[in-house]
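# Based on what follows, work out the 3D shape:
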Amino acid sequence: MRISVICLALLTLACAPMLADGGFFPTPAGVAETADQRALIIDHGDAETLVVQTAYDGDASGFAWVIPVPTQIVGASAVGTADPQVFSTLHNLSAPRYYSGLEGSTGVCGCSGSGGAGGDGSPNMGGVTVWDSFEVDGYDVAVLSAGESGDLATWLNENGYALPAGHNDVLDYYVAKRWFFVAFKIAPSDERVGSGDGEEFRPIALTFATDELVFPMCISRVSTSDRVEVLLYVLSEHRIRSNNYPTRSIQARRTWNGGDFEATYDGWFEETIADAGGKALVVEFAGVFPSWWATAPPFDALLDPADEYFVTRLRTRLTPAQMTEDVVMVAAANDDPLEVVVGSQLAALRGQIAFAALLLASVQGVALRRWRFGPRLAAATALLGIFMVLL
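Just a heads-up that it's a prediction; the model follows:
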């Protein structure tokens with residue numbers, strides 16, 4: 001009888017997670033962070049904070065980066081860097097993932113700086129106006145505008161921002177819109193993250209006034225020769241979609257066969273893009289941003305704790321020819337949540353066997369308690385069930 005009670009207790013403990021929320025969930029695993037460019041876009045209503053990070057191949061002393069913005073950056077207080085943990089934290093929240101246990105009920109589907117204050121601009125230098133220059137967090141920064149793309153290209157090349165030939169049309173795109181350019185170079189006190197080829201630099205953060213959320217995609221054509229991956233996180237009042245790029249929710253399955261999950265998921269991702277005509281922003285996560293995160297690192301320097309945010313994860317892969325315009329974002333039709341959680345068919349089968357074994361052990365413990373070997377059989381069956389759960 002004592003062994004029967006133990007079997008029932010083991011059954012209760014092992015099945016409790018299943019009864020609580022539809023499945024037993026061991027530690028999850030998901031797709032890796034592999035984007036060539038990552039950006040966090042924070043909607044402040046009449047302003048936007050853009051946090052961007054990119055990998056760089058080559059000598060770090062040659063790193064130079066130009067980011068177009070729709071309005072003038074006002075002084076060094078609007079330029080800075082962000083904690084790289086911003087991206088890893090968001091990734092952990094939103095990355096598509098799988099569980100090696102039973103399939104669950106969730107299913108598929110202000111920056112700081114230092115330097116001089118902004119002014120009215122230096123004298124026009126060959127058609128280019130340098131509105132401000134300063135050093136901030138390991139970067140030399142210049143805020144520019146130009147009336148002609150050729151003048152801007154000349155200034156960039158003469159000042160250490162090597163612009164590949166044949167890309168004046170990209171500059172024309174922004175000059176015609178009367179945008180400003182924020183140019184970054186590594187300062188002697190550089191703030192790199194990592195070392196060697198493919199290293200990542202400390203994320204750059206810019207805050208600027210704007211009537212619409214925008215990610216400057218077109219400028220990436222200057223430094224891109226192949227198809228690249230871009231990952232965007234958008235914190236806004238609502239779920240976000242693009243109004244000038246097709247936006248699609250990921251076409252993921254509820255289960256996979258237990259093989260290489262990353263390869264399988266990548267196939268689903270490419271299928272989603274192909275079904276949209278070969279060019280699309282794919283929504284991989286949409287949900288409420290945890291309010292307590294806004295008051296703690298790494299987000300406390302970027303977010304207003306009085307505001308509530310909805311986070312949308314958008315990912316795409318584009319060739320230079322597809323980067324014809326910047327990504328403009330608006331509120332989606334609804335705030336339906338989306339989370340990609342995939343279960344393993346093999347693991348689900350193991351879980352079902354475990355549940356059956358534990359249930360059988362409880363029955364054996366009661367029905368066979370007077371039989372000499374009944375309690376031992378019940379205990380053995382219960383141990384088998386527990387082993388299948390742990391497996």
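
# Low-confidence bits of this protein, can you list those?
1-30, 55-63, 100-126, 188-200, 344-391 (pLDDT under 70).

# cutoff 50 now
Applying pLDDT under 50 to the chain flags the ranges 1-27, 101-123, 191, 193-197, 345-346, 348-349, 354, 357, 385, 387-390.

# domains of it?
2-24+345-390, 31-339 (automatic domain parsing).

# Spell out, range by range, the helices that occur in the chain.
Assignment of helices within the chain using DSSP state H yields the ranges 2-21, 85-94, 149-158, 168-175, 261-275, 345-367, 374-390.

# How many neighbouring residues does W292 have?
W292 has 9 neighbouring residues, counting by other C-beta atoms under 10 Å. Quick note: C-beta positions are derived from backbone N, CA and C, even for glycine.

# so who does it touch?
If you count contacts by C-beta atoms under 8 Å, 6 or more residues apart in numbering, W292 has none.

# That one and D300: what is the separation?
Computed as C-beta to C-beta, to the nearest Å, the W292 to D300 distance reads 11 Å.

# Check I41 too.
From I41 across to D300, the span is 18 Å (C-beta to C-beta).

# before we move on, what about Q72?
Distance from Q72 to D300, by C-beta to C-beta: 27 Å.

# got the contact list for the nearest residue to V283 once chain neighbours are set aside?
Using C-beta to C-beta, 6 or more residues apart in numbering and skipping the chain neighbours, the partner closest in space to V283 is S249 (4.8 Å). Contacts for S249 were tallied using C-beta under 8 Å, 6+ apart; they are C109, T272, V282, V283, L338.

# which of the residues you listed lies closest to M217?
Nearest to M217 out of the contacts of S249 is V282 (C-beta to C-beta; 14.7 Å).

# Is the closest one bridged to anything, and to what?
Following DSSP bridges, V282 is listed with bridge partners R248, R315.

# Which of Q72 and D300 has more residues huddled nearby?
Remark: of Q72 and D300, Q72 carries more neighbours, 19 against 13, as counted by other C-beta under 10 Å.

# Can you get me a residue count around F310?
Neighbour number of F310 under other C-beta under 10 Å is 20.

# Which residues are in contact with it?
So F310 contacts L235, S236, E237, H238, R239, I240, A286, G287, V288, F289, D335 (C-beta under 8 Å, 6+ apart).

# Go again with 7 Å.
Contact analysis of F310 by C-beta atoms under 7 Å, 6 or more residues apart in numbering lists S236, E237, H238, R239, V288, F289, D335.

# Tell me how many other residues crowd the spatially closest residue to the first one that is not a sequence neighbour.
In space, and not counting its chain neighbours, S236 is closest to D43: 3.8 Å by C-beta to C-beta, 6+ apart. Other residues near D43 come to 22 when the count uses other C-beta under 10 Å.
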